[in-house]
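# mind looking at a prediction? Sequence and model below.
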Amino acid sequence: MAGALSFILAFQYFLLPFFHYSSIAANANYNLQSLGAKSDGKTDCSKAFLSAWTSACASTQPATIFVPPGRYLLGATIFAGKSCKNTAITIQIDGTLVAPSDFNVIGNSGNWIKFESVTGVSVIGGILDAQGANLWACKNSGKSCPTGATTLAFYNSNNIIMNGLSSINSQKFNILFDGCHNAKLVGIKVAAPGNSPNTDGIHVEKSTGVTIMNSQIGTGNDCVSIGPGTSNLWIETIACGPGHGISIGSLGWDLQEPGVENVTVKSATFTGTQNGARVKTWARPSNGFVKNILFQHLVMVNVQNAIIIDQNYCPDDHNCPNQVSGVKISDVTYQDIHGSSATETAVKFDCSKGNPCSDITLEDVKLTYKNEPAHSSCINAIGNSSGSVEPNSCLSL
């Protein structure tokens, strides 16, 4: 019996490599250069990319689109998935995709690289260079400029993997997920100066089951921003800075708006950021909500607003003066958060007077300002604290 079992195991071991290499051989592979793309950074490669996409979509086998080393100019491009038969397409980028140097070319297109209604797409490696510096300068000068394009956007898509991708010099948002289900982002790098306007690192909205891990994000806006309709979001091991922190919101612009729930942010480090763990809602009527949120194992290094809920968010007092946020915030936990504040008030809960925050929990929090205990401020905030909490909790029981 033992001899028969040994034979079966040995036979299976022999066959494994055969099946492995057979599956690789069966894959469809499309090299961008073979389809006419030039790696000079000057010749538009959009047609070659779309040709590869069309062929990959038509394949009944897993397909790989390969971008060799070099720089490849790409205009505003849409990868449509509605007629795509393939649910296993890998885009392996060993080079750099560059946007047109003239920001007007894609500046009003909404997105530079857009995936719509795709399933099972993996983007592995590579650099996306949107060359946004001139547009930032235009915006910062107060001139009339295009709004700018999001570098990489996925809309209404499922089962997306992104691994080892770098986004630099984005005109606007770097990476966007809207209306998506099941996405895993690992090893993402985002780089833009702290004064680059509206260059959110990763923005998620109306999406479920998104995971963001082991990533470095430095930008001119939120490192990660979480919009309406987001649920079951997991963010772990993030280095954030420069930037505006990890923000839920802004929410509550619309009266009828889906809520945000089941969000975990853990093991993140914020360095020199405007905010750390932030929830922000417009001071406007809304039926939106925020609930079941966990901020855990966070390190703050010279952060202006380490822990903040701002329900009177109203930049320039425009469209919402003297109004009250209708967004209901509840069940938010801050656990094991340590470090230094760049301002005297490290914990600020400025909640809606019409819909006070409830079930806010502070546990094992220690934040200092100039090596002294920082201060806290609470308005319309109900909750409790446990363990050692510095600054002292100001939450109402």
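Received the coordinates, thanks.

# mind listing the strands for the stretch 201-350 of the chain?
Remark: strands assigned in the stretch 201-350 of the chain by DSSP state E, counting those that start in this stretch are 202-205, 208-218, 224-226, 231-240, 246-251, 260-271, 275-282, 289-303, 305-313, 328-341, 345-350.

# of all those strands, which lies closest to Pro68?
Each of the strands of the stretch 201-350 of the chain was scored for nearness to Pro68 using C-beta to C-beta, and the closest is strand 208-218 (25.2 Å). Bear in mind the C-beta positions are built from the backbone N, C-alpha and C, glycine included.

# low-confidence ranges in the protein?
Scanning the chain for pLDDT under 70 picks out 1-26.

# which residue is nearest the middle of it?
Ile202 (2.1 Å; C-alpha atoms, centre = their mean).

# that one reaches Val190, doesn't it?
Yes - under the criterion of C-beta atoms under 8 Å, Ile202 makes contact with Val190 at 7.3 Å.

# what do these two both touch?
With contacts taken as C-beta atoms under 8 Å, 6 or more residues apart in numbering, the residues that reach both Ile202 and Val190 are Asn174, Ile175, Ser215, Ile217, Cys223.

# what is the fourth one paired to in the beta sheet?
For Ile217, the beta-bridge partners under DSSP bridges are Val190, Cys240.

# ok, it - contacts?
Each residue near Ile217 by C-beta under 8 Å, 6+ apart is listed here: Ile188, Lys189, Val190, Gly201, Ile202, Cys223, Val224, Ile238, Ala239, Cys240, Gly243.

# distance to Val105 for those - can I get that in JSON lines?
Putting the contacts of Ile217 into JSON lines (distance: C-beta to C-beta, whole Å) gives the following:
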{"residue": "Ile188", "distance to Val105": "25"}
{"residue": "Lys189", "distance to Val105": "25"}
{"residue": "Val190", "distance to Val105": "22"}
{"residue": "Gly201", "distance to Val105": "24"}
{"residue": "Ile202", "distance to Val105": "24"}
{"residue": "Cys223", "distance to Val105": "28"}
{"residue": "Val224", "distance to Val105": "28"}
{"residue": "Ile238", "distance to Val105": "32"}
{"residue": "Ala239", "distance to Val105": "32"}
{"residue": "Cys240", "distance to Val105": "31"}
{"residue": "Gly243", "distance to Val105": "27"}
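
# which residues are in contact with stretch 179-191?
Counting by C-beta under 8 Å, 6+ apart, residues outside stretch 179-191 touching it are 154-170, 174-175, 177, 201-202, 206-219, 223.

# what residues sit buried inside it?
When burial is assessed from 16 or more other C-beta atoms under 10 Å, stretch 179-191 yields the following buried residues: Gly179, Cys180, His181, Asn182, Ala183, Lys184, Leu185, Ile188, Lys189, Val190, Ala191.

# report how many residues lie close to the nearest residue to the fourth one once chain neighbours are set aside.
What it means is Asn182. Closest residue to Asn182 in three dimensions, ignoring its sequence neighbours and counting by C-beta to C-beta, 6 or more residues apart in numbering: Gly209, at 4.4 Å. Residues lying near Gly209 (other C-beta atoms under 10 Å) number 16.

# can you check Lys42 too?
If you count neighbours by other C-beta under 10 Å, Lys42 ends up with 11.

# just checking: what are the partner strands of whichever helix or strand it is part of?
For Lys42, the host element (DSSP states H and E) is strand 40-44. Paired strands of strand 40-44, with direction, are strand 71-73 (parallel) (DSSP bridges).

# how far does the partner strand sit from its chain's centre?
The chain centroid and the centroid of strand 71-73 are separated by 24 Å under C-alpha atoms, centre = their mean, to the nearest Å.

# same thing with stretch 249-259?
Shown here is stretch 249-259, whose average C-alpha point lies 19 Å from the average C-alpha point of the whole chain (C-alpha atoms, centre = their mean).

# before we move on, back to that, got the buried residues for the strand holding Lys42?
Taking 16+ other C-beta under 10 Å as the neighbour-count basis, strand 40-44 is seen to contain the buried residues Gly41.

# contacts for it?
Outside strand 40-44, the residues that touch it by C-beta under 8 Å, 6+ apart are Ala37, Gly70, Arg71, Tyr72, Leu73, Leu74, Gly75, Thr96, Val98.

# cool, stretch 153-165 as well?
Where contact means C-beta under 8 Å, 6+ apart, the residues beyond stretch 153-165 that reach it are 81, 87, 93, 110-111, 113-128, 152, 173, 175-189.

# buried sites along that stretch?
Within stretch 153-165, the residues that qualify as buried by neighbour count (16+ other C-beta under 10 Å) are Ala153, Phe154, Tyr155, Asn156, Ser157, Asn158, Asn159, Ile160, Met162, Leu165.

# now do stretch 277-297
Residues of stretch 277-297 classed as buried under the neighbour-count rule (16+ other C-beta under 10 Å) are 277-284, 286, 288-297.

# repeat for stretch 119-130
By neighbour count, and taking 16+ other C-beta under 10 Å as the criterion, the buried residues in stretch 119-130 are Thr119, Gly120, Val121, Ser122, Val123, Ile124, Gly125, Gly126, Ile127, Leu128, Asp129, Ala130.

# including secondary structure and distance to Ser396, could these go into TSV?
Converted to TSV, these look like this (DSSP: H, G, I helix; E, B strand; the rest coil; distance: C-beta to C-beta, whole Å):
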residue	secondary structure	distance to Ser396
Thr119	strand	47
Gly120	coil	49
Val121	strand	48
Ser122	strand	48
Val123	strand	47
Ile124	strand	50
Gly125	coil	50
Gly126	coil	50
Ile127	strand	49
Leu128	strand	47
Asp129	strand	50
Ala130	coil	46
